[in-house]
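Colleague: Need coordinates for the following:
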Amino acid sequence: MPGQNEGADAHHPGVRREEPRAHHRLPPPALHPVGGANGGANSGATGTGSTAQAVLEGLAGLADLAHATGGGPLCPTCARPLSDDAHRTADDGPDGAAPDRGPAAPQGGDRQLAALRVSEARLRAAFWDAGIGMALIDPEDRIIEVNPAFATLTGRTVGELARIHIHEIVDPEGMPHRLFPALVNGEHDRLRVEKQLKHREGRTVWSKVTVSLIRDAEGGPLYTLALVEDITEQRRLGDRLEYQALHDPLTRLPNRTYFFERLDAACLTADRSTTPPPSAGDGPGDTADGPRVGVCYLDLDGFAAINETLGHHIGDQLLIAVATRLRRGFSAHGTRLVARMGGDEFAVLVTDSRGSDQLTELAARILEALERPFDVAGHRLVVTASVGVVERSVHETTPTDLVKDADATLYWSKADGRARWTLYDPDRGAHQLTRQLLATALRPALERGEFTIEYQPLVGLADGAVHGAEALVRWRHPRYGTLSPDRFIPLAEESGAIVPLGKWVLEESCRQARRWLTEFPETETFVSVNLAARQIWDSDVVADVAQALERTGLPARLLQLEITESALLGPGGRPLQALQALADMGVRIAIDDFGTGYSNLAYLSRLPVHVLKLDGTFIEGFRDPSPTGSRAELPESGARRSDADEQIVGAMVQLAHTLGLTVTAEGIESAAQAERLRLTGCDTAQGWYFARPGEAELVAAILRDSRDGREGGEDQGGEG
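Modeller: Residues are numbered from 1 along each chain as shown. Predicted structure coming up:
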């Protein structure tokens with residue numbers, strides 16, 4: 001069989017292995033009777049037992065006896081000369097009379113002839129009654145004689161098989177052109193193959209064939225012996241097991257293993273040549289850069305809901321219906337493979353791709369085909385799918401990378417809204433890889449001390465004094481440089497690393513605020529720390545804050561915690577309970593990015609909140625010049641937006657003050673913005689106009705300058 005060649009027989013397809021070259025030239029059978037000391041010497045090698053060994057020994061012994069008695073080669077089963085086509089007995093003349101033998105044979109010769117007759121009878125019984133098929137074949141590959149077991153395998157009689165060519169029964173494909181010369185020349189001593197026998201009824205009989213050379217006493221070749229064993233059932237069982245190993249039991253589609261085998265084969269075929277063939281671009285799937293391959297990796301949208309509402313038996317039937325539609329519409333022998341990758345995921349492999357346009361067109365047709373309703377067990381189901389598309393030259397990828405990128409692209413398609421296809425984007429892939437690397441490195445980076453904190457002053461718009469500072473964490477990454485919070489905080493929240501990172505930021509910020517208090521006790525500068533929603537859910541944030549305050553000695557009134565509006569007003573009572581406990585401790589609570597979440601103003605009055613931090617989008621209109629000119633004139637769009645933003649901010653400030661809250665604005669970049677915000681009544685602000693985020697010493701320097709300015713003013717006033 002192809003793929004089973006080994007050793008010196010690799011140039012003969014189907015040959016399994018070569019036996020050691022030990023020619024069958026054994027002593028006469030009278031010295032080694034059947035079942036004696038040597039009776040089963042090769043039974044393990046041939047798998048046919050002592051009967052086959054006895055036949056081999058007997059054939060060699062008959063040849064030696066014939067040589068000793070002066071005769072030519074004898075038929076191994078009837079002991080008549082092979083040169084006599086009629087196989088006449090040694091006692092018959094041409095007319096049936098006894099021939100003239102001349103002088104009487106020696107007495108020793110009579111004993112040898114008697115031994116020959118005994119051996120012949122023993123050999124015939126072993127050959128004729130053996131349960132395994134046997135055939136003697138002459139040097140021209142024609143059958144001399146077969147036993148009934150061999151005839152049964154082919155559906156013929158013993159007489160019908162005599163003198164026909166062996167290839168009329170045994171499929172010659174994968175066999176050496178002529179077995180006998182190869183054996184005679186010593187290239188092989190024994191050949192083993194698995195071959196198909198041609199049964200009279202037309203069916204195939206798989207058999208294991210062992211071919212051995214029989215030599216005479218001088219080492220000359222006489223004939224070959226073929227031992228044939230029926231292995232049809234084993235082959236059928238093997239085929240069934242192979243099918244089950246490579247196909248999904250539910251949908252009968254090729255499974256993930258079969259998919260990768262086909263993909264590996266497509267890539268290995270291309271790898272045989274390191275450069276594209278000269279005719280690249282002329283054949284299917286070939287372009288200027290060689291063969292190409294593509295994958296449409298798809299997942300059903302909302303399939304889990306079908307299982308949960310209608311039951312898994314309906315879900316299974318839907319998968320079968322989807323598989324049938326995909327197989328009928330998109331599989332093509334040799335070029336396209338539809339496989340079930342697991343769960344509700346399927347893949348279409350295209351091994352003759354002509355480019356990404358072909359793959360995206362295929363993905364669009366897949367989506368269109370799946371949009372048609374499915375009638376499943378009385379239910380009319382409409383499903384959609386998300387498809388990730390990857391297409392590239394086989395010289396530029398590996399099977400693992402191709403499927404990995406296809407899976408990532410499928411995830412992008414889900415994230416982009418589902419019921420669509422998405423083509424792989426290398427830049428987006430690099431960004432996703434960077435995200436994954438950063439997410440993996442977050443916790444080790446915290447242990448290595450790669451994080452630091454910068455502070456941005458919070459300035460009072462009425463007096464221009466620094467009232468506090470917001471703590472902003474930075475990651476000093478050894479490879480990517482300094483990373484801002486928006487690069488890694490979402491990753492930390494997804495992975496849960498935000499809990500240990502948040503605790504570290506909280507304690508370090510409290511420690512720094514305590515240093516400011518020690519140096520500038522009269523200012524009581526507070527520190528504002530961002531609090532992630534996951535810190536409330538995954539840890540005891542009240543205990544964490546209490547511990548940080550106790551360790552650093554910072555008064556609770558100088559700590560402000562910022563939490564987003566959506567996290568604060570989300571479902572469940574735990575955030576509210578935690579924030580209430582923190583407020584009872586004396587900690588200031590601020591709602592960050594107010595106006596972008598629920599904006600439930602009625603609910604706001606019942607929250608333990610002290611500060612509203614307006615989202616930066618409300619401040620963008622303040623960057624335009626203040627509207628001028630007559631109100632009767634139609635204002636420009638920028639002026640209209642400036643007026644609207646100013647009125648919105650003014651309304652929110654008035655509402656906050658009515659509720660006893662203070663308001664902080666973010667993103668102030670100019671003195672004009674600061675002044676216009678002051679006129680709305682906004683209390684504090686932060687932004688580059690006042691100071692960029694920096695080391696803690698930046699805040700200390702501003703506080704120091706402010707103190708020195710006050711002291712200088714007091715001294716001048718006293719002297720006056």
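Colleague: So R354: helix, strand or coil?
Modeller: coil (DSSP: H, G, I helix; E, B strand; the rest coil).
Colleague: shouldn't Q432 be in contact with T409?
Modeller: No: counting by CB atoms under 8 Å, Q432 stays clear of T409, with 9.8 Å between them. No exception for glycine: its C-beta is placed from N, CA and C like everyone else's.
Colleague: Looking at these two, which has the bigger crowd around it?
Modeller: T409 (26 against 16; other CB atoms under 10 Å).
Colleague: OK, contacts around the closest residue to H610 other than its chain neighbours?
Modeller: Once flanking residues are discounted, H610 sits nearest to R588: 4.7 Å by CB to CB, 6 or more residues apart in numbering. For R588, the contact set (CB atoms under 8 Å, 6 or more residues apart in numbering) comprises F526, S528, R557, L559, Q560, L561, H610, V611.
Colleague: Can you tell me which of the residues you listed lies closest to P254?
Modeller: L561 (55.8 Å; CB to CB).
Colleague: what does the model give that closest one for pLDDT?
Modeller: Per-residue pLDDT puts L561 at 96.
Colleague: what about the helices in the stretch 151-300 of the chain?
Modeller: 158-161, 179-184, 232-246, 256-271 (DSSP state H, counting those that start in this stretch).
Colleague: and the third one, which residues are buried?
Modeller: Yep, that's helix 232-246 we're talking about. T232, R235, L246 (16 or more other CB atoms under 10 Å).
Colleague: same deal with the first one?
Modeller: Judged by neighbour count (16+ other CB under 10 Å), helix 158-161 contains these buried residues: L161.
Colleague: which intervals of this protein have sub-threshold pLDDT?
Modeller: Residues of the chain meeting the criterion pLDDT under 70: 1-109, 174-182, 184, 186-188, 269-289, 568-574, 595-603, 621, 623-642, 711-720.
Colleague: From E550, how far off is E507?
Modeller: 10 Å (CB to CB, to the nearest Å).
Colleague: Which of these two has more residues huddled nearby?
Modeller: Between E507 and E550, counted using other CB under 10 Å, E507 has the larger neighbour count: 19 against 10.
Colleague: Quick check: which element contains that one?
Modeller: Per DSSP states H and E, E507 falls inside helix 498-519.
Colleague: Report the buried residues of that helix.
Modeller: Those would be 498-514, 516-517, for helix 498-519 by 16+ other CB under 10 Å.
Colleague: do stretch 212-227 as well
Modeller: 212-217, 221-227.
Colleague: got those residues as JSON lines, with distance to L136 columns?
Modeller: JSON lines is the format used below for those (distance: CB to CB, whole Å):
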{"residue": "S212", "distance to L136": "11"}
{"residue": "L213", "distance to L136": "12"}
{"residue": "I214", "distance to L136": "8"}
{"residue": "R215", "distance to L136": "14"}
{"residue": "D216", "distance to L136": "14"}
{"residue": "A217", "distance to L136": "18"}
{"residue": "P221", "distance to L136": "13"}
{"residue": "L222", "distance to L136": "9"}
{"residue": "Y223", "distance to L136": "5"}
{"residue": "T224", "distance to L136": "7"}
{"residue": "L225", "distance to L136": "6"}
{"residue": "A226", "distance to L136": "8"}
{"residue": "L227", "distance to L136": "11"}
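Colleague: Let's see which of those residues end up in strands.
Modeller: If you go by DSSP state E, the buried residues of stretch 212-227 have S212, L213, I214, R215, P221, L222, Y223, T224, L225, A226, L227 in strands.
Colleague: May I ask which helix or strand encompasses F127?
Modeller: Using DSSP H and E, F127 falls in helix 107-129.
Colleague: Please name every helix or strand in contact with that helix.
Modeller: helix 49-68 (3 or more CB pairs under 8 Å, 6 or more residues apart in numbering; DSSP states H and E).
Colleague: Am I right that G667 is in contact with T617?
Modeller: No: using CB under 8 Å as the test, G667 is too far from T617 to be in contact (9.0 Å).
Colleague: Tell me which of those two has more neighbours.
Modeller: Between G667 and T617, counted using other CB under 10 Å, G667 has the larger neighbour count: 19 against 12.
Colleague: Surely the more buried one is within a helix?
Modeller: No: applying three-state DSSP, one finds G667 to be coil, outside a helix.
Colleague: Skip the chain neighbours and tell me the closest residue to it.
Modeller: G667's closest residue in space is G616 (CB to CB, 6+ apart), at 4.0 Å.
Colleague: any idea how far the one you found is from I668?
Modeller: Relative to I668, and taking CB to CB, G616 is found at 10 Å.
Colleague: Give me the more crowded residue out of those two.
Modeller: I668 (24 against 14).
Colleague: Could I get the contacting residues of the more buried one?
Modeller: I668 touches I619, A674, L677, A685, Q686, G687, W688, Y689, F690, counting by CB under 8 Å, 6+ apart.
Colleague: same check, this time on Q234
Modeller: Counted by CB under 8 Å, 6+ apart, Q234 has contacts W206.
Colleague: residue ranges for the helices of the stretch 551-700 of the chain, please.
Modeller: Counting by DSSP H, counting those that start in this stretch, the helices of the stretch 551-700 of the chain are 565-568, 574-585, 601-604, 637-658, 671-680, 696-719.
Colleague: got CSV for these, with distance to D593 and mean neighbour count too?
Modeller: Listed next are the helices of the stretch 551-700 of the chain as CSV, based on distance: least, CB to CB, whole Å; neighbours: other CB atoms under 10 Å:
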stretch, distance to D593, mean neighbour count
helix 565-568, 6, 20
helix 574-585, 16, 17
helix 601-604, 14, 12
helix 637-658, 13, 16
helix 671-680, 17, 17
helix 696-719, 23, 13
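Colleague: Out of those helices, which is closest to P457?
Modeller: helix 696-719 (5.7 Å).
Colleague: measure F330 to Q196 for me?
Modeller: On the measure of CB to CB, F330 and Q196 end up 34 Å apart.
Colleague: Same check on A130?
Modeller: 22 Å.
Colleague: Name the SS class of G388, please.
Modeller: strand.
Colleague: wait, it sits on T422?
Modeller: Yes: the criterion here is CB under 8 Å, and G388 meets it with T422 at 5.9 Å.
Colleague: Settle it for me: which of those two has more neighbours?
Modeller: Just comparing G388 and T422: by other CB under 10 Å the higher neighbour count belongs to G388, 25 against 22.
Colleague: buried set for stretch 482-495?
Modeller: For stretch 482-495, by 16+ other CB under 10 Å, it's L483, R487, F488, I489, L491, A492, E493, S495.
Colleague: Which residue comes closest to the last one once chain neighbours are left out?
Modeller: So that's S495. A439 (5.1 Å).
Colleague: Count residues in the vicinity of the one you found, would you?
Modeller: Neighbour tally, A439, other CB under 10 Å: 16.
Colleague: and what of the one 10 residues further on?
Modeller: Under the neighbour criterion other CB under 10 Å, G449 is assigned a count of 9.
Colleague: got the phi/psi numbers for it?
Modeller: Here is the backbone geometry of G449 (degrees, to the nearest 10): phi 80, psi 30.
Colleague: ok, now the one 10 residues further on?
Modeller: The phi/psi pair for V459 (degrees, to the nearest 10) reads phi -110, psi 140.
Colleague: got the contact list for it?
Modeller: Counting by CB under 8 Å, 6+ apart, V459 has contacts A465, V466, H467, T684, A685, Q686, F690.
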